[in-house]
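Q: my questions are about this predicted structure, shown below with the sequence.
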Amino acid sequence: MIPLDKKVDEEVVKKFLSFKTTSSDYGLFAPNTHTMANYYYPLKGEFSHHLGKCGMYRNHSFNTSMDK
């Protein structure tokens with residue numbers, strides 16, 4: 001990395017600190033009753049649990065295609 005002089009670094013910092021994005025607000029405050037969801041509908045995950053036990057499908061057919 002090329003070292004920059006202090007004046008350039010200060011200008012860059014001032015430029016980027018002059019605005020604030022909304023994504024930086026996410027997680028800024030702790031959740032409260034007004035910002036939390038009223039209901040929670042979790043999924044059962046039966047399909048994922050089954051795949052975790054037996055593994056994903058694997059094709060064992062004979063490969064006849066030519067390499068590129």
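A: Sure, I can see it.
Q: for residue 48, which three-state class applies?
A: Classification of residue 48 using DSSP: H, G, I helix; E, B strand; the rest coil returns helix.
Q: can you report how many residues lie near residue 61?
A: Close neighbours of residue 61, defined as other C-beta atoms under 10 Å, add up to 5. Placement of C-beta: from N, CA and C, glycine included.
Q: quick one: it from residue 54, how far?
A: 19 Å (C-beta to C-beta, to the nearest Å).
Q: same question, residue 60
A: Distance of residue 60 to residue 54, given as C-beta to C-beta: 15 Å.
Q: repeat that for residue 10.
A: 59 Å.
Q: compare these two (neighbour count), which wins?
A: The neighbour count for residue 10 versus residue 54, taken as other C-beta under 10 Å, is higher for residue 10 (11 against 7).
Q: what sits against that one?
A: Contacts for residue 10 (C-beta atoms under 8 Å, 6 or more residues apart in numbering) come out as none.
Q: can you tell me the element it falls in?
A: Using DSSP states H and E, residue 10 sits in helix 6-16.
Q: mind listing the helices for the chain?
A: Secondary structure of the chain by DSSP state H: the helices cover 6-16, 46-54.
Q: which one of the ones you listed has the poorest average confidence?
A: Mean pLDDT is lowest for helix 6-16 among the helices of the chain, at a mean of 64.
Q: how confident was the prediction at residue 4?
A: At residue 4, pLDDT is 53.
Q: for residue 25, see how far away residue 40 is.
A: Taking C-beta to C-beta, one finds residue 40 at 23 Å from residue 25.
Q: in terms of neighbours, single out the busier of the two.
A: When neighbours are counted by other C-beta under 10 Å, residue 25 comes out ahead of the other of residue 40 and residue 25, with 9 against 6.
Q: gap between the more buried one and residue 48?
A: Distance of residue 25 to residue 48, given as C-beta to C-beta: 32 Å.
Q: ok, now residue 42?
A: If you measure residue 42 against residue 48 using C-beta to C-beta, the figure is 13 Å.
Q: higher neighbour count, those two?
A: residue 48 (10 against 5).
Q: now for the more buried one: which residues touch it?
A: Neighbouring residues of residue 48 by C-beta under 8 Å, 6+ apart: there are none.
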